[in-house]
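K.L.:
sequence and predicted model, in that order:
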Amino acid sequence: MLIQAYPSSNTKFRFELSNDIGAEEVIYFIGLNPSTADSNSFDPTSRSCHKLTSLWGIDAWAILNLYPQRAVFPKALNRRVNRKLFDENTAFVRQKLVKKNLKNKVVLSWGNAVFTRAYLKRAAVLFIDELVENQIDCFHMGLTANNQPIHPSPQAILKKYRSYSNVVFKSFQKEDLIQLKASLLV
């Protein structure tokens, strides 16, 4: 399987990881931040996204993020936002969402770590606004105790569902997205 990372050789940040080269139908996961996966290898989260995509009967997936800095643990993210990087990532994700084909699906999946940094919450709010404004259907795999869409890590998936085959993708209604946004503004 061919995996592509954009930018491909950067070890400090990544805007996208995908296998959607020319695919007609793609599942976009919007996660928190990129970890160790690259165009040569999966990490646990990207491997999980690959498994989850096949449950929908779709071969192509792409992982976008609230912030593009690569870090294994959210607390390792810079305390202060790199404004240029934040703006570039926001523009990149917005372009992907608006360009979205009607067959594509968007799965919000950033987990509770969104509360780790203020700029992560700000990015989530911007993307929620984009989804609502453009009437883009989106999904989640369940909500955390803090009402955030669960992260696609193997630990989170197996804790909630015990098996990938039990995962249920639930649709976010407009009111749900407005409520999700409100939870990020506190």
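P.N.:
Done, it's in. Numbers count the residues shown, from 1 in each chain.
K.L.:
so where's this structure shaky on pLDDT?
P.N.:
Applying pLDDT under 70 to the chain picks out residues 1, 100-102.
K.L.:
how close does the most centrally placed residue in it sit to residue 133?
P.N.:
The structure's the chain has its C-alpha centroid closest to residue 30; by CA atoms, centre = their mean the separation is 1.5 Å. Distance of residue 30 to residue 133, computed by CB to CB, to the nearest Å: 16 Å. Quick note: C-beta positions are derived from backbone N, CA and C, even for glycine.
K.L.:
what do you get for residue 13?
P.N.:
Distance, residue 13 to residue 133, by CB to CB: 26 Å.
K.L.:
show me what contacts residue 4?
P.N.:
Residue 4 is in contact with 16, 17, 18, 19, 21, 39, counting by CB atoms under 8 Å, 6 or more residues apart in numbering.
K.L.:
wait, doesn't residue 164 sit right on residue 53?
P.N.:
No: between residue 164 and residue 53 there is no contact under CB atoms under 8 Å: 10.6 Å.
K.L.:
circling back: which ChimeraX command selects the buried ones in the contacts of residue 4?
P.N.:
Selecting only the buried entries of the contacts of residue 4 in ChimeraX, with 16 or more other CB atoms under 10 Å as the criterion:
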select :16,17,18,19
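K.L.:
in TSV: the contacts of residue 4, plus secondary structure and distance to residue 105.
P.N.:
Output for those, formatted as TSV (DSSP: H, G, I helix; E, B strand; the rest coil; distance: CB to CB, whole Å):
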residue	secondary structure	distance to residue 105
16	strand	16
17	strand	17
18	strand	14
19	coil	15
21	coil	18
39	coil	23
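K.L.:
how about JSON lines for the contacts of residue 4, with distance to residue 95 added?
P.N.:
Converted to JSON lines, those look like this (distance: CB to CB, whole Å):
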{"residue": "16", "distance to residue 95": "11"}
{"residue": "17", "distance to residue 95": "16"}
{"residue": "18", "distance to residue 95": "14"}
{"residue": "19", "distance to residue 95": "19"}
{"residue": "21", "distance to residue 95": "17"}
{"residue": "39", "distance to residue 95": "21"}
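K.L.:
any idea which of the contacts of residue 4 is the one closest to residue 46?
P.N.:
residue 17 (5.8 Å; CB to CB).
K.L.:
which strand residues bridge the residue nearest to that closest one when sequence neighbours are not counted?
P.N.:
Using CB to CB, 6 or more residues apart in numbering and skipping residues adjacent in sequence, the residue nearest residue 17 is residue 63, 4.7 Å away. Bridge pairing for residue 63 (DSSP bridges) gives the partners residue 17, residue 29.
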